[in-house]
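>>> need a structure here:
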Amino acid sequence: MALDRQRIVTEAVALLDAEGLDGVTTRKLAARLGVQSPTLYWHLPNKAALVTAIADAILDQEFGDMTPPGPDQPWPQWLSDLAGRLRRALLAHPDGARVVSTAQLSRTMAAISELAMSTLVQRGIPLREARVIVLTVERFTVGHVLEEQAPRPGPESLKDLDMDAFTARHPIVVAAVTEYFRPGVTVDDLFADCLEVVIAGAVART
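Residues are numbered from 1 along each chain as shown. Below is the predicted model of the structure:
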């Protein structure tokens, strides 16, 4: 099979899924493709270009179709739905948020921003405010997923933690976490609730 950019990127996404971003190296990718590493540089000149291509690929899986809101759909709800789609795209792959936050000039991320900002401008929001609102929502979403996808502390890290002492020192923090995550409540609910605060703040600025 001929080696082309699409095949390289497809295999790079598979490598990401298997080993995470730290495992995506040109050496490993070339081995999976059965070529020498320098061959990849004809299509992707460096690691930064490869990461950006992976970012576009994983975003394209969720954002193959991007449409503005209908005339009767409030922009805050539409923007909230857009953030939900972005989160799904990032969570679909290990280190998805790291990939997108590391990518340089992702064409798909730029297209998402273009659509979101132009939508807000068409609804009468000044360009500067539209940019601030969209960047805030995007960066909140990526940051939230970065935390979701971060490695959890293992038993070795927790062996010296005195939970009673921690609770005594931070009683409100522990009570708040315990109260929030009552049975049936998940991190999806936490994302939705936090995003609601972000969107409400955006609405208050307009």
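>>> Stretch 31-50: how far from the chain's middle?
The chain centroid and the centroid of stretch 31-50 are separated by 25 Å, computed with CA atoms, centre = their mean, to the nearest Å.
>>> Show me which positions of that stretch end up buried.
Within stretch 31-50, the residues that count as buried by 16 or more other CB atoms under 10 Å are 33, 40, 43-44, 49-50. (C-beta placed from N, C-alpha, C; glycine too.)
>>> quick one: which two of those residues are the most distant?
Leu33 and Ala49 (16.0 Å; CB to CB).
>>> Can you tell me the SS state at Ala130?
Judged by DSSP: H, G, I helix; E, B strand; the rest coil, the three-state class of Ala130 is helix.
>>> so is the nearest residue to it once chain neighbours are set aside in a helix, a strand, or just coil?
Spatial nearest neighbour of Ala130, chain neighbours left out: Leu120 (3.8 Å); criterion: CB to CB, 6 or more residues apart in numbering. For Leu120, the secondary-structure state derived from three-state DSSP is helix.
>>> dump the residue contacts of Leu29.
Contact partners of Leu29, counting by CB atoms under 8 Å, 6 or more residues apart in numbering, are 8, 11-12, 15, 40, 50.
>>> which outside residues touch stretch 156-169?
Contact with stretch 156-169 is made by Val174, as judged by CB under 8 Å, 6+ apart.
>>> measure that stretch end to end?
22 Å (CA to CA, to the nearest Å).
>>> following the lowest-mean-pLDDT helix or strand in the chain, which helix or strand shows up next?
Least confident helix or strand, the chain: helix 155-158 with a mean of 78, by mean pLDDT, DSSP states H and E. With elements assigned by DSSP states H and E, the helix or strand that comes after helix 155-158 is helix 163-169.
>>> Sketch out the low-pLDDT regions of this structure for me.
1 (pLDDT under 70).
>>> just the helices in this protein please.
Ranges of helices in the chain, per DSSP state H, are 5-19, 26-33, 37-40, 47-60, 75-91, 96-102, 107-122, 127-149, 155-158, 163-169, 171-180, 187-205.
>>> list the contacts for the closest residue to Met117 other than its chain neighbours?
Nearest non-adjacent residue to Met117, counting by CB to CB, 6+ apart: Ala130, 4.6 Å away. By CB under 8 Å, 6+ apart, Ala130 lies in contact with 116-117, 120-121.
>>> what's the spacing between Ser80 and Val203?
In this view, Ser80 and Val203 are 11 Å apart by CB to CB, to the nearest Å.
>>> who has more neighbours, the two?
Neighbours were counted for Ser80 and for Val203 using other CB atoms under 10 Å; Ser80 has more, 17 against 13.
>>> pretty sure that one contacts Ala202?
No: the pair Ser80 / Ala202 is not scored as a contact, 9.9 Å apart, by CB atoms under 8 Å.
>>> about what we covered before: I'd like the distance between the residue nearest to Met117 and Val174.
Using CB to CB, we find Ala130 at a distance of 39 Å from Val174.
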